[in-house]
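[1] need coordinates for the following:
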Amino acid sequence: MAQWWYCLVHQKVEPENGCPNSERLGPFDTADEASHALEVAAKRNEEWEAGDNEWDGKPVQTDGAIGVEESGEDT
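    Residues are numbered from 1 along each chain as shown. Reported below is the predicted structural model:
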């Protein structure tokens, strides 16, 4: 089964053989699904932000940097 991706650089749908995965969203089963990748990502972000933002029962605090989490506990 072919997979489809949404390229963030070129802002278009592309097949499996395209830009590096680090520059695109996916995979999606159809080109039409891939064409809605930004909408799907925005919806998921809204749902996450509206949630309680807990990981393993502990509140997660970030400094705004991607991939940086602070639990408030000393390790």
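[2] any weak-confidence spans in this structure?
    52-75 (pLDDT under 70).
[3] now do the helices in it.
    Ranges of helices within the chain are 31-35, 37-50, based on DSSP state H.
[4] winner for burial among the ones you listed?
    Scoring the helices of the chain by mean neighbour count under mean count of other CB atoms under 10 Å gives helix 31-35 as the most buried, with a mean of 15. For the C-beta atoms, the positions are set from N, CA and C on the backbone; glycine is no exception.
[5] spit out the contact partners of residue 41.
    residue 25 (CB atoms under 8 Å, 6 or more residues apart in numbering).
[6] how does it look with 10 Å?
    6, 8, 25 (CB atoms under 10 Å, 6 or more residues apart in numbering).
[7] so which of those comes closest to residue 47?
    Distance to residue 47, by CB to CB, is smallest for residue 25 among the contacts of residue 41, at 16.3 Å.
[8] burial of that closest one, as a residue count?
    Residues lying near residue 25 (other CB atoms under 10 Å) number 15.
[9] want to throw the helices of the chain into TSV with distance to residue 2?
    Shown next, in TSV, are the helices of the chain (distance: least, CB to CB, whole Å):
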stretch	distance to residue 2
helix 31-35	9
helix 37-50	16
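[10] and of those, who's closest to residue 17?
    Across the helices of the chain, closest to residue 17 is helix 31-35 (CB to CB), at 13.9 Å.
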